[in-house]
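Participant: structure of the sequence below:
(chains A, B and C, ligands or ions: 3)
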Amino acid sequence: MAVTKKSELKGTMDASSGPKNLSLNTHKAGMEGLDTEKINEIIKRASEGSRFYQHKQKHQQHLNEKLEVMKKEAASFTKEQTEKATKQMDQLIQELEAERDLSHTIVHVDMDMFYAAVEMRDDPSLRDKPMAVGSTGMLSTSNYAARKFGVRAAMPGFIGKKLCPELTIVPPNFSKYRAVSQEVREVFSHYDPGFSPMSLDEAYLDITDYLQKNSSLYVDEDDGDNHEQLAQAVVNEMRHKIEVKTQLTASAGIAANTRLAKVCSDLNKPNGQYYLPPDRDRILEFISSLPIRKVSGIGNVMEQHLQALDITQCGHLMEKRGLLKLLFSETNYENFLTIALGLGHSTLSAWTERDRKSISTETTFKGTSDRQTLFKLSVDLCQELAEDMQEKDIVGKVLTLKFKTIDFQIRTRAQTLSEATLLP
DNA sequence: GGGGGAAGGACCA
DNA sequence: TTCCTGGTCCTTCCCCC
Ligand SMILES: Nc1ncnc2c1ncn2[C@H]1C[C@H](O)[C@@H](COP(=O)(O)OP(=O)(O)OP(=O)(O)O)O1
Ligand SMILES: [Mg+2]
Ligand SMILES: [Mg+2]
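Facilitator: Numbers count the residues shown, from 1 in each chain, chains lettered A, B, ... in the order given. Ligands and ions are numbered 1, 2, ... in the order given. Here you go, the predicted model:
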């Protein structure tokens, strides 16, 4: 059992932790095309029979049933229905196209194997050795030597050890990562004072202004169409500055909007960058063969839904747009269209000065049903959360208790308070 | 049809 | 033997106006 106390400022809930499909998450990042056969075998053997694995299988089974229902529904639509839906989607496309904005240059910067890189920098004995940051219970990230063995983020440490017995596991030092992150952000602010940090190790920058004002520093004037040269030079310099300042490398993607920039930052990892020209045809060409899973927001479950409809690349979203309109919610099919068109936020205004919506603290411990033990843990978490809120000068309106059973079911109980309150 | 509340779930780093 | 933590946003259901 695990217990969480969460205080929220608005009114929603959440859960966490998403398992993978049936085997290893090979798509994400790091090493491509190694002996995945063997790796999956080891993972399966290590986890088979465990409560976690049982839970995962149950989840997958439930999903399979839903996929079957969806496929039946998809087969039941008439040609007329699909054609009509396609026409309606075409109308939407017109509206979306009218808003396409290719005038901004957005950069997504993402540090390479961030936590692991910091630990390797500060302890030379860890370099060249496979290592990961985390605990026996869970790894936050791994270095590239470890990724060769299939050791990855969101993998429990004990499985990492089975894949790679010589793996060194280092406990995380969050205050250190926060300090490094601060240094990196100082570099960002030189290129875009309004940059949007998305986590400790990544941020979006809108360098449109910077390019316009400083182009003469990087390229010869009157050189015709030099946007690529200019943007590449600026981002290269930025990554270089980060490396000089922190001894850590970063990768970057340069494109006309945040969605594309994010995809691009992954393409030449580590210590590389990728430039996608702000040109409609080039963007559509790029996006059409892109695996849907590479798009931020499409996870394991949605990938399986789409795969069941033979949609694996973003271009397929366009081909099957009528069917998608009939099967999915409005938010979903509109999102699919923007993906298929290579659209996204071309400014960072959506992210500026967002107030936080929730604050929480949770802990996982050895399973118990003992009332007193659970009560004591709850009180401690409340205490911790209250201190955290006091420190950050936050008041809450909704209090949520979250608990996780030994078979990984997550339940939440929430109560709205009549007044925003600090101490429950 | 809507808003507010409660519960659950997908996804991200 | 063993599968984290702290966030965001979306969907569904229910009650009620
Ligand atoms: N599932 C997770 N749980 C906790 N922390 C995580 C998790 N995934 C990632 N992190 C942390 C550790 C990472 O160093 C940091 C940045 O994530 P991310 O950029 O995805 O990977 P990375 O920087 O370690 O490697 P990469 O070189 O692929 O970018 O966030
Ligand atoms: Mg990273
Ligand atoms: Mg990242």
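Participant: point to the residue nearest the middle of chain A.
Facilitator: Residue closest to the mean C-alpha point of chain A, counted by CA atoms, centre = their mean, is residue A:296 at 6.1 Å.
Participant: right, and that residue touches residue A:264 too?
Facilitator: No: Residue A:296 lies out of contact with residue A:264 (CB atoms under 8 Å); the separation is 11.7 Å. Placement of C-beta: from N, CA and C, glycine included.
Participant: quick one: the strands in chain A, in order.
Facilitator: Ranges of strands in chain A, per DSSP state E, are A:2-8, A:106-111, A:131-134, A:139-142, A:168-170, A:196-199, A:202-206, A:250-255, A:273-275, A:358-364, A:396-404, A:410-421.
Participant: using TSV, lay out those together with mean neighbour count, mean pLDDT and distance to residue A:86.
Facilitator: Formatted as TSV, the strands of chain A follow (neighbours: other CB atoms under 10 Å; pLDDT from 0 to 100; distance: least, CB to CB, whole Å):
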stretch	mean neighbour count	mean pLDDT	distance to residue A:86
strand A:2-8	22	55	41
strand A:106-111	26	98	31
strand A:131-134	26	98	47
strand A:139-142	25	97	43
strand A:168-170	19	98	52
strand A:196-199	16	96	35
strand A:202-206	24	98	33
strand A:250-255	27	98	28
strand A:273-275	22	98	33
strand A:358-364	15	96	40
strand A:396-404	18	95	42
strand A:410-421	11	88	39
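Participant: can I get those strands in TSV with distance to DNA strand B?
Facilitator: Shown next, in TSV, are the strands of chain A (distance: least, CB to the nearest atom of the strand, whole Å):
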stretch	distance to DNA strand B
strand A:2-8	9
strand A:106-111	8
strand A:131-134	12
strand A:139-142	8
strand A:168-170	18
strand A:196-199	3
strand A:202-206	6
strand A:250-255	12
strand A:273-275	16
strand A:358-364	10
strand A:396-404	5
strand A:410-421	3
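Participant: reformat these as a markdown table; add distance to residue A:315.
Facilitator: Putting these into a markdown table (distance: least, CB to CB, whole Å) gives the following:
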| stretch | distance to residue A:315 |
| --- | --- |
| strand A:2-8 | 40 |
| strand A:106-111 | 22 |
| strand A:131-134 | 36 |
| strand A:139-142 | 32 |
| strand A:168-170 | 41 |
| strand A:196-199 | 27 |
| strand A:202-206 | 25 |
| strand A:250-255 | 18 |
| strand A:273-275 | 19 |
| strand A:358-364 | 37 |
| strand A:396-404 | 40 |
| strand A:410-421 | 36 |
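Participant: so how far is the longest helix belonging to chain A from its chain's centroid?
Facilitator: Longest helix of chain A, by residue count under DSSP state H: helix A:51-76. How far helix A:51-76 lies from its chain's middle: 24 Å, per CA atoms, centre = their mean, to the nearest Å.
Participant: return the residues of the stretch 51-200 of chain A in contact with DNA strand B.
Facilitator: A:59, A:63, A:154, A:198-200 (CB under 7 Å from any atom of the strand).
Participant: name the nearest of these relative to residue A:286.
Facilitator: residue A:198 (21.9 Å; CB to CB).
Participant: distance check, residue A:218 against ligand 1.
Facilitator: From residue A:218 across to ligand 1, the span is 26 Å (CB to the nearest ligand atom, to the nearest Å).
Participant: how many neighbours does that residue have?
Facilitator: The tally of other residues near residue A:218 (other CB atoms under 10 Å) stands at 16.
Participant: so what's it closest to, chain neighbours aside?
Facilitator: Nearest residue to residue A:218, sequence neighbours excluded (CB to CB, 6 or more residues apart in numbering): residue A:233, at 4.2 Å.
Participant: what's the local residue count around that neighbour?
Facilitator: 16.
Participant: correct me if wrong: it contacts residue A:219.
Facilitator: Yes: the pair residue A:233 and residue A:219 passes the contact test of CB under 8 Å, sitting 6.6 Å apart.
Participant: now residue A:269. Its backbone dihedrals?
Facilitator: When read as degrees, to the nearest 10, the backbone of residue A:269 gives phi -70, psi 140.
Participant: do residue A:266 as well
Facilitator: Taking degrees, to the nearest 10, you get phi -90, psi -20 for the backbone angles of residue A:266.
Participant: tell me the buried residues in stretch A:296-303?
Facilitator: A:298, A:300, A:302-303 (16 or more other CB atoms under 10 Å).
Participant: what is the most widely separated pair among those?
Facilitator: Across the buried residues of stretch A:296-303 (CB to CB), the longest gap, 9.0 Å, separates A:298 and A:300.
Participant: residues of the stretch 201-350 of chain A that sit close to ligand 1?
Facilitator: A:201-202, A:269-270 (CB under 6 Å from any ligand atom).
Participant: pick the one among those closest to ligand 2.
Facilitator: residue A:201 (4.6 Å; CB to the ion).
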